[in-house]
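A.B. asks: please find the sequence and the predicted model below.
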Amino acid sequence: MPPPAGADDKPSSGGCPFAGAQAEPAAAAGAAAVPPPSCPASSSAAAAAAVAAATAAPSAAPAVCPFGFGAGGADKGGAASTPLHCPLCRSLLFNCHAATPCGHKACRECLSRFRDCPLCGADVASLEPDASAQALVDAFLGAHGVYPDAVAAALNVGPVMDDLIVLAGRGGAGGAAGGTTTTTTATTPADKLSLTAALLNGVALRSYAGGNVSAALARFEATRDALGRVLEELGKEQGEEGEGDRHHHRRKDAAAARVALATALGCIGDCQRRSGHETAAEASYRDAAERLSVLAGVGADADAAATAAANENPQAAADARRGLGVTLGKLGDLAYARGDVAAAFREYSRVLELRRGGGGGGGDDASAAADARLDLASALIKAGDAAENLPQGAADVQPQPPQAPSAYFAEARALLEEELPPGGDDKAREAKRRRFLEALEAAAAAAAGGGGAA
């Protein structure tokens, strides 16, 4: 990823920061003064016209801001598709290629799945790299990556990354999320890198959801690298400052950045696992779990200073505990898939211990309590299934199951059959509850039949 283009240029009236970045070369060359360019996404009709123009003649496509500048705020549903989005995975273009002879553009991984162009049906003779289009996407990312409103408009950055937008924006992201375009910029290197990381993470999540795993992996890795630099810059700031309110806030910021870094490592593991690289995925999950154990204050490797910093940011500590449970569960799944049931049971037992100790997420409202209950039920189902399938005579397995597999299943059933309190996305939570009940029935049936669940 190239350095942010035009990152220090603040737009004069809420316009797209990319426009100012693109205007600089002409001004430097002594070109005649012209009004600065702006994003033509001032209405949905304009955006649709831009996309239509791109389809008809890709080389003539006008620049449309993917993040809502000039459109009066971001739509809650996310930015509309633009010439800078892949029409297949719906994320920003990555390794952009054009199909020949029709000229339609998409990510190479997305296009390579088809023998005929998925947009027009024409035979695809070859895929040709489009370096200029990809450079434009990278420039957009760089120019928008230091504006809290731009990052908030990208949406789908995840709750952990939301913390980075808030800490860097000093209130700017809140205005954008409410529908008002602002021009607040990050000021310190740590703040700028935090926003860049949050933006890259949002783009990576869209790529992953769209099935472009190589794009997601590259952008999660870029997120990880940016967060590593965030921590370096925060360390410099804390070394230069004495004790005080700002020093205290920066310690809280560092705790949030550490959780975000571990989260990015887990996402990298997800991409590696989805690509069939289980060994690499396990290494990424282990790295994430070790970092989260420190932040959550659990395990023998917990560092007192890092734990104290996490305690100054209770939400970061809660996020770390929940993330640790998720990561250990993935390690258990990998072990189970390769036939090492004893290792899987060890990981699931650690998850269960965390869940029983309140490692189901932060907050004490009804919504958080419902999510924590579902997380505990999931841990019980997996631990019970693994306990049922431990090798015969495995007396050396540690820890030994403290109860019969049926007891795990009975406790999970009681949690899942109890009515969940309202709050949050009730429809999604109910679907999750039903899915867990189906998994419970399958595990219990397999145990009753003498064989474990897959």
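C.D. replies: Sure, I can see it. Residues are numbered from 1 along each chain as shown.

A.B. asks: just the CA atoms of stretch 119-132, as CSV, please.
C.D. replies: The C-alpha atoms that make up stretch 119-132 are tabulated as CSV, following Å, rounded to 0.1, in the frame of the first residue of the first chain:
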residue,chain,number,x,y,z
LEU,A,119,-21.1,-8.9,-16.8
CYS,A,120,-21.9,-9.2,-20.5
GLY,A,121,-21.5,-12.8,-21.4
ALA,A,122,-18.8,-12.3,-23.9
ASP,A,123,-16.0,-14.9,-24.3
VAL,A,124,-13.0,-14.0,-22.3
ALA,A,125,-9.8,-14.4,-24.3
SER,A,126,-7.5,-13.2,-21.6
LEU,A,127,-7.2,-11.2,-18.4
GLU,A,128,-5.0,-8.1,-18.6
PRO,A,129,-3.8,-6.2,-15.6
ASP,A,130,-5.0,-2.6,-15.3
ALA,A,131,-2.4,-0.8,-13.2
SER,A,132,-3.9,2.6,-13.7
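
A.B. asks: now the strands for the stretch 51-200 of the chain?
C.D. replies: 96-100, 105-107, 126-129 (DSSP state E, counting those that start in this stretch).

A.B. asks: residue 350 is nearest to which of the ones you listed?
C.D. replies: strand 105-107 (37.7 Å; CB to CB). C-beta coordinates here come from the backbone N, C-alpha and C atoms, glycine included.

A.B. asks: what average pLDDT does stretch 368-379 get?
C.D. replies: Across stretch 368-379, the average pLDDT comes to 87.

A.B. asks: cool, stretch 110-121 as well?
C.D. replies: Rounded mean pLDDT across stretch 110-121 is 92.

A.B. asks: which positions within it qualify as buried?
C.D. replies: Across stretch 110-121, burial judged by 16 or more other CB atoms under 10 Å covers 110, 111, 117, 118, 119.

A.B. asks: in the stretch 251-400 of the chain, where is pLDDT below threshold?
C.D. replies: Along the stretch 251-400 of the chain, the parts satisfying pLDDT under 70 run over 299-312, 358-365, 392-400.

A.B. asks: and if we set it to 50?
C.D. replies: Residue ranges of the stretch 251-400 of the chain with pLDDT under 50: 361-363.

A.B. asks: what about the helices in it?
C.D. replies: With helices called from DSSP state H, counting those that start in this stretch, the stretch 251-400 of the chain shows them at 278-296, 304-311, 314-337, 341-356, 366-388.

A.B. asks: out of those, flag the one nearest residue 426.
C.D. replies: Going by CB to CB, the one of the helices of the stretch 251-400 of the chain nearest residue 426 is helix 366-388, 8.7 Å.

A.B. asks: what angle do the closest one and helix 341-356 make?
C.D. replies: Orientation check (axes from the mean of the first three to the mean of the last three CA atoms, to 10 degrees): helix 366-388 against helix 341-356 gives 160 degrees.

A.B. asks: could you point out which element follows helix 366-388?
C.D. replies: Remark: after helix 366-388, the chain's next helix or strand is helix 405-417, criterion DSSP states H and E.

A.B. asks: so which residues make contact with that following helix?
C.D. replies: Defining contact as CB atoms under 8 Å, 6 or more residues apart in numbering, one finds that helix 405-417 is touched by 373-374, 376-378, 380-381, 383-385, 387-388, 433, 436-437, 440, 443-444, 447.

A.B. asks: pLDDT of it, averaged?
C.D. replies: Helix 405-417 comes out at a mean pLDDT of 90.

A.B. asks: still on that earlier bit, just the buried residues of stretch 110-121 now: which is nearest residue 331?
C.D. replies: Checking the buried residues of stretch 110-121 against residue 331 with CB to CB, the nearest one is residue 110 at 30.4 Å.

A.B. asks: quick one, what contacts that closest one?
C.D. replies: Here residue 110 is in contact with 86, 88, 89, 210, 211, 212 (CB under 8 Å, 6+ apart).

A.B. asks: distance to residue 285 and pLDDT added to these, as JSON lines?
C.D. replies: Formatted as JSON lines, the contacts of residue 110 follow (distance: CB to CB, whole Å; pLDDT from 0 to 100):
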{"residue": "86", "distance to residue 285": "28", "pLDDT": "92"}
{"residue": "88", "distance to residue 285": "29", "pLDDT": "93"}
{"residue": "89", "distance to residue 285": "24", "pLDDT": "92"}
{"residue": "210", "distance to residue 285": "23", "pLDDT": "92"}
{"residue": "211", "distance to residue 285": "22", "pLDDT": "94"}
{"residue": "212", "distance to residue 285": "22", "pLDDT": "95"}
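
A.B. asks: buried subset of these, written for PyMOL?
C.D. replies: Only the buried entries of the contacts of residue 110 go into this PyMOL selection, using 16+ other CB under 10 Å:
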select buried, resi 86+88+89+210+211+212
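
A.B. asks: closest one to residue 233 among the helices of the stretch 251-400 of the chain?
C.D. replies: Here helix 304-311 is closest among the helices of the stretch 251-400 of the chain (CB to CB), at 15.7 Å.

A.B. asks: returning to that earlier point: save the strands of the stretch 51-200 of the chain as CSV, and put in distance to residue 428 too.
C.D. replies: CSV is the format used below for the strands of the stretch 51-200 of the chain (distance: least, CB to CB, whole Å):
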stretch, distance to residue 428
strand 96-100, 34
strand 105-107, 28
strand 126-129, 37
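
A.B. asks: nearest to residue 192, of those?
C.D. replies: Smallest distance to residue 192 across the strands of the stretch 51-200 of the chain (CB to CB): 25.7 Å, for strand 96-100.

A.B. asks: quick one: residue 331 and residue 284, what's the gap?
C.D. replies: Distance of residue 331 to residue 284, computed by CB to CB, to the nearest Å: 10 Å.

A.B. asks: again, but for residue 446
C.D. replies: If you go by CB to CB, the gap between residue 446 and residue 284 works out to 30 Å.

A.B. asks: same thing with residue 435?
C.D. replies: Relative to residue 284, and taking CB to CB, residue 435 is found at 26 Å.

A.B. asks: out of those two, which sits in the more crowded spot?
C.D. replies: residue 284 (24 against 12; other CB atoms under 10 Å).

A.B. asks: contacting residues around the nearest residue to the more buried one once chain neighbours are set aside?
C.D. replies: Of all residues not flanking residue 284 in the chain, residue 269 sits nearest, at 3.4 Å (CB to CB, 6 or more residues apart in numbering). The neighbours of residue 269, taking CB under 8 Å, 6+ apart as the test, are 280, 281, 282, 283, 284, 285, 288, 327, 330.

A.B. asks: check residue 203 too.
C.D. replies: 91, 92, 141, 154, 219.

A.B. asks: ok, the first one - contacts?
C.D. replies: Put plainly, it is residue 91. 85, 107, 203, 204, 206, 207, 209, 210, 212, 215.

A.B. asks: if you set the cut-off to 7 Å instead, what comes out?
C.D. replies: 85, 203, 206, 207, 210, 212, 215 (CB atoms under 7 Å, 6 or more residues apart in numbering).
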